[in-house]
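> let me see the structure of the following:
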Amino acid sequence: MDQDIKTLDHVAIRIEHGEVVGRGPNPQELLALLGALAVNTRLETMQRTDQRIGSDCKSLVDYVNAHRHTRMRNEVGKLPFLLAIQQYLQRDDAQQVRWVRSHPERRKTDKQEFDLDEWGI
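Coordinates of the predicted model:
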């Protein structure tokens, strides 16, 4: 692993009891993405930082990236989250949301070999 990657500061968000947001993974992923965007906009750093936010929910990543500047469809219970995510992304063109492959433990048995993306998932 590249030394610069090892020394980068990073933030990981873990949501427990996500069922209060909604059943299934999508509402929890919406909440995690919204939380990551909110935290990222409030971080003050002395040096340039990596502005990428990763999620293993490919459908959500594809959707918010495709609708960054276009109208989002009204999905019951999801629209307020989606609109808030869209507002954060429209405020900062440098902000990126990208897909990260899930379940690194299935590919690597030693957690010491995980990169930051794998550790965050």
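> beta-bridge partners for Gly54, please?
Partner residues in beta bridges with Gly54, using DSSP bridges, are Arg98.
> pLDDT wise, what is it at?
In the predicted model, Gly54 carries a pLDDT score of 85.
> please apply the same query to His103.
The pLDDT attached to His103 in the predicted structure is 84.
> so what's Val64 up against?
Shown here is Val64, whose contacts under the criterion C-beta atoms under 8 Å, 6 or more residues apart in numbering are 33, 82, 85-86, 89, 97. Backbone N, C-alpha and C define where each C-beta goes, glycine included.
> among those residues, which are in helices?
Among the contacts of Val64, the members falling in helices are 33, 82, 85-86, 89 (criterion: DSSP state H).
> buried ones among those?
In terms of neighbour count (16 or more other C-beta atoms under 10 Å), the buried residues within the ones in helices among the contacts of Val64 are 33, 82, 85-86, 89.
> which one of the contacts of Val64 is nearest to Arg52?
Distance ranking of the contacts of Val64 against Arg52, using C-beta to C-beta, places Val97 first at 7.8 Å.
> my guess is that closest one contacts Asn65. True?
Yes: counting by C-beta atoms under 8 Å, Val97 sits close enough to Asn65 to count as a contact (6.1 Å).
> save the buried ones among the ones in helices among the contacts of Val64 as a markdown table, and put in distance to Arg107 too.
Below are these laid out as a markdown table (distance: C-beta to C-beta, whole Å):
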| residue | distance to Arg107 |
| --- | --- |
| Leu33 | 24 |
| Leu82 | 31 |
| Ile85 | 29 |
| Gln86 | 33 |
| Leu89 | 30 |
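> what's the neighbour count on Leu37?
Around Leu37 sit 22 other residues, with neighbours defined as other C-beta atoms under 10 Å.
> scratch that, Ala84 is what I was asking about
Other residues within reach of Ala84, judged by other C-beta under 10 Å, total 15.
> before we move on, back to that, can you name the two of the contacts of Val64 that are farthest apart?
Using C-beta to C-beta for every pair in these, the one that comes out farthest apart is Leu82 and Val97, at 12.2 Å.
> I appreciate the help and will end here.
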